[in-house]
Structure formats: structure tokens, C-alpha cells
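1. Okay, structure incoming, though there's no sequence with it:
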């Protein structure tokens, strides 16, 4: 096993801590807060529900007034949003879901267990004391923690905040990311392409990955394989961005010029050569306190390295509390034993038949240039370095729905 390769877990941990969270914050309307990261913890300002209310359409009674076969006068019909009269002993109040519980009542009989006629209600089944009463503060209690700083706000969080009457929240500013692709062989989609050239899919793909993780793509630039173009592109992005991601040009070929250009701009580049496949050549530099992460050039390598190594750094810089999504596990289906001296991440589909155990089915061609494998795959299955994995062995599974969110 090559000793000059950095272990994957170590590389992942180091990259996740390669920059501090942004210190820029802004106040945004609740309507614009989805997908943003909460910058400060919030406590509840209200008891929810603010008063006892009914969980069912039915009748509020005093449980002590129930007698088998008894018929109680219905003293009032009270709808949600109305203030009911206090319940008199030996009577009932007709309620609806969300109606306030009248003072003196302690139990709700659901309408399916009651029969009303001529202003009286007969209870057909014995009620349990306190049934179907939503108690004040059952959901939230004023003064208690509501949401922690670093929460990625989604629809459920927006509902919780709105329930407290909030209209604005303090969030971290959006992370600004610059993307640089390199290589004389690349042309933009739609441009005229010579026989020796290929369309640049890495730039659009990485921009989409950045946006999917909630960051803002400030620049997507391409530089030809010369130091002047590289220096100009990097200078532009470093001026405008919090994080710069470059693709290609950091290996040891004659035209791999990113390293000397970064050094000329004051960056000290650490070429880690991570023990992972695809994606061995990964590098990190800091210029003016801003991180520059250099990714390999093959599209699948870009995809895997971003998901596994870069997305935790993006989440940290966004101020998120959770950097590493959960890792699953399932049995791998493979026609031949697999073993490599690097951690290998296979593009797989998670499949599960009704009543069966989950399985991970690899894409037939695992070459790092096979772009069609990426939309097919639901995630990446991790083959441990130096260990043989056979059909049916359980391996770690990284669901891209979580690792690219």
C-alpha cells in the first residue's frame, strides 16, 4: 500500500476544517429563509397550543358527568376561533377540531361515539378521562429552545418559526463559490468542437453541485493551459469568492500548471494524493485566508470528490451544525471479488424488494470517465482499502441525496 497517500478519513476530516464558517449574516423574511442556515439559536416565544383545544370533532364534557346511557344537554356549539362559555355541570359543548376546550371540561367524546338529537347528546362508548384534549404547551413552551444555530432551514422549520409569529430570521450569508476548469481540450457546450476536443461538462456539473448544497456559484470560468490565463481567472475568483474550486491541472504532467500559479499568488499547496478511487489527486491551498481546493479532471472523480471531501467543507463554511450526513450500509452485489489498495467508491443503486433486505447494485462500467453512470446511481458504495469484498458483503453506502444536500 502506498505510504505517500493520505487516508480517506483523514483527508475528509482535514478538508472539513479547512476554513471557518462565514461571519457575514443577514436578516431575511421567512418567505425567503428556506435553504438558508440559521445564524443564531432561537427560543419559543409562545406556548403551542396557546390553550387547551380539541383534537377531534365531538363533545366536551366533564368526565365525572358520564353515565352509561345518559343524555346530556348541549349548551353551546363552539367553532375553532371562538371563545366558548364555561361548561355547566351535567351538560356538553359541541366542539370541532381546534375548538378551545371550555372552562370546566376535561374530556372530548369524538362524534363517532355520540348521537345528538333534540338538543341532547347520548354518549355511546365510555370515554377515557382527558381523551382528545390537546393541552396548552404540548408542542412548544415559551422560553424553551426552538431551533439551534446552524440549522439548515427547510419547510418544517419554516412552519415552526411561523407558528411563533416570526416574520424574519437571522441567517448566514450565502457562501460564494468560484469554479475554474482547465484544459486546452475542453470547449463550452454549444461551441464549435474540433475532433481532438470534448465538451466541458465539469463546469456545469460542479456549478449544479454547488447550488444543490445551498451555496451561490459566483463564477464559472475556464482557463487554457497557460499560466497567464490561470492567474487571471484565479485572481478574479479570489477577489469575489469565499471558496475556489479548480478542476484538473494539479497532477505531474507538463501542462499541470495550477500548482505554480497558486504559489505565485502566495498560496502554499499541499498535494495530498488521497487514498481514494476515483479521485486520488486532491490539493488544498489558502490564498489571503481563502481556501482553494483542486479536484481531479475526470467527471466522475469531480463528482465523487465533491460529494465525499468538499461538501463537508461547504457545509462548515455555510455555518451548518451537521457537516457529515449519515452513512448507510447494505449488501453489495458483485460478480467478482473486489480489492484495491485505495478506498474505492463504486457508483451503485440502492435496491430493495418488498420484504427483502436492501442491496447495492454497481454500474457495470466503473471507469471515472463514464458520465452516464452518475445520473443512474443513487449513491456511492465504499470498498475498504486492502480488503477483499465478495458478493453479499455489507459495505458502507453514501446516499447522494444526503451527501449532495
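-> Structure's in. What do you need? No experiment lies behind these values; they were computed from the predicted model shown.
2. Could you chop the protein up by domain?
-> Domain assignment for the chain, taken from automatic domain parsing, gives 8-23+175-318, 25-48+139-172, 53-134, 328-403.
3. what's the most buried one of those domains?
-> domain 8-23+175-318 (a mean of 19; mean count of other C-beta atoms under 10 Å). Where C-beta positions appear, they are placed from N, C-alpha and C, glycine not excepted.
4. quick one: terminal-to-terminal distance for it?
-> 23 Å (C-alpha to C-alpha, to the nearest Å).
5. Let me see the mean pLDDT of that domain.
-> Domain 8-23+175-318 comes out with an average pLDDT of 93.
6. how about the residue lying closest to residue 194 once chain neighbours are set aside, phi and psi?
-> In space, and not counting its chain neighbours, residue 194 is closest to residue 187: 7.8 Å by C-beta to C-beta, 6 or more residues apart in numbering. The phi/psi pair for residue 187 (degrees, to the nearest 10) reads phi -130, psi 160.
7. Residue 196 is in contact with residue 187, correct?
-> No - applying C-beta atoms under 8 Å as the test, residue 187 and residue 196 come out as separate, 10.4 Å apart.
8. mind checking how far the residue nearest to residue 194 is from residue 224?
-> 11 Å (C-beta to C-beta, to the nearest Å).
9. What of residue 210?
-> Taken as C-beta to C-beta, the span from residue 210 to residue 224 is 23 Å.
10. which residues does the nearest residue to residue 396 once chain neighbours are set aside contact?
-> Counting by C-beta to C-beta, 6+ apart, residue 396 lies nearest to residue 382, which is 4.2 Å off, once chain neighbours are set aside. Counting by C-beta atoms under 8 Å, 6 or more residues apart in numbering, residue 382 makes contact with 343, 344, 345, 395, 396, 397, 398.
11. Nearest to residue 23, out of those: which one, please.
-> residue 398 (30.4 Å; C-beta to C-beta).
12. mind checking the SS state of that closest one?
-> strand (DSSP: H, G, I helix; E, B strand; the rest coil).
13. Then residue 170?
-> Under three-state DSSP, residue 170 comes out as strand.
14. who's it bridged to?
-> residue 27 (DSSP bridges).
15. beta partners for the residue nearest to residue 396?
-> residue 345, residue 396.
16. what separates it from residue 156, distance-wise?
-> 30 Å.
17. and what of residue 13?
-> In terms of C-beta to C-beta, residue 13 sits 30 Å off from residue 156.
18. got it, and residue 323?
-> 21 Å.
19. Any idea how far stretch 89-100 is from the middle of the chain?
-> Offset of stretch 89-100 from its chain centre (C-alpha atoms, centre = their mean, to the nearest Å): 43 Å.
20. Looks like residue 119 contacts residue 76 (just checking).
-> No - here residue 119 does not reach residue 76: they are 11.0 Å apart, not a contact under C-beta under 8 Å.
21. Show me the contact partners of stretch 157-165.
-> Outside stretch 157-165, the residues touching it (C-beta under 8 Å, 6+ apart) are 30, 33-34, 38, 42, 44-46, 48, 139-140, 146-147, 151, 153, 169.
22. how about a cut-off of 10 Å?
-> 30-31, 33-34, 36, 38, 42-46, 48-49, 139-140, 142, 146-147, 151, 153, 166-169 (C-beta atoms under 10 Å, 6 or more residues apart in numbering).
23. average pLDDT across that stretch?
-> Computed over stretch 157-165, the average pLDDT equals 98.
24. What distance do you get for the nearest residue to residue 131 once chain neighbours are set aside to residue 176?
-> Nearest residue to residue 131, sequence neighbours excluded (C-beta to C-beta, 6+ apart): residue 107, at 5.8 Å. According to C-beta to C-beta, residue 107 and residue 176 sit 58 Å apart.
25. do residue 28 as well
-> 16 Å.
26. Now residue 161. Its backbone dihedrals?
-> phi -70, psi -40.
27. Spell out the residue ranges of the helices in the stretch 101-250 of the chain.
-> 155-163, 202-212, 227-240 (DSSP state H, counting those that start in this stretch).
28. tilt between the shortest one and strand 168-172?
-> Just to be clear, that refers to helix 155-163. 140 degrees (axes from the mean of the first three to the mean of the last three C-alpha atoms, to 10 degrees).
29. Determine the three-state secondary structure at residue 292.
-> From three-state DSSP, the assignment for residue 292 is strand.
30. That one contacts residue 247, correct?
-> No - between residue 292 and residue 247 there is no contact, the gap being 11.8 Å when judged by C-beta atoms under 10 Å.
31. Which residues are in contact with each of the two?
-> What both residue 292 and residue 247 touch, as defined by C-beta under 10 Å, 6+ apart, is the set 180, 258.
32. Now do the contacts for the residue nearest to residue 335 when sequence neighbours are not counted.
-> Using C-beta to C-beta, 6+ apart and skipping the chain neighbours, the partner closest in space to residue 335 is residue 391 (7.2 Å). By C-beta under 10 Å, 6+ apart, residue 391 lies in contact with 331, 332, 333, 334, 335, 336, 337, 338.
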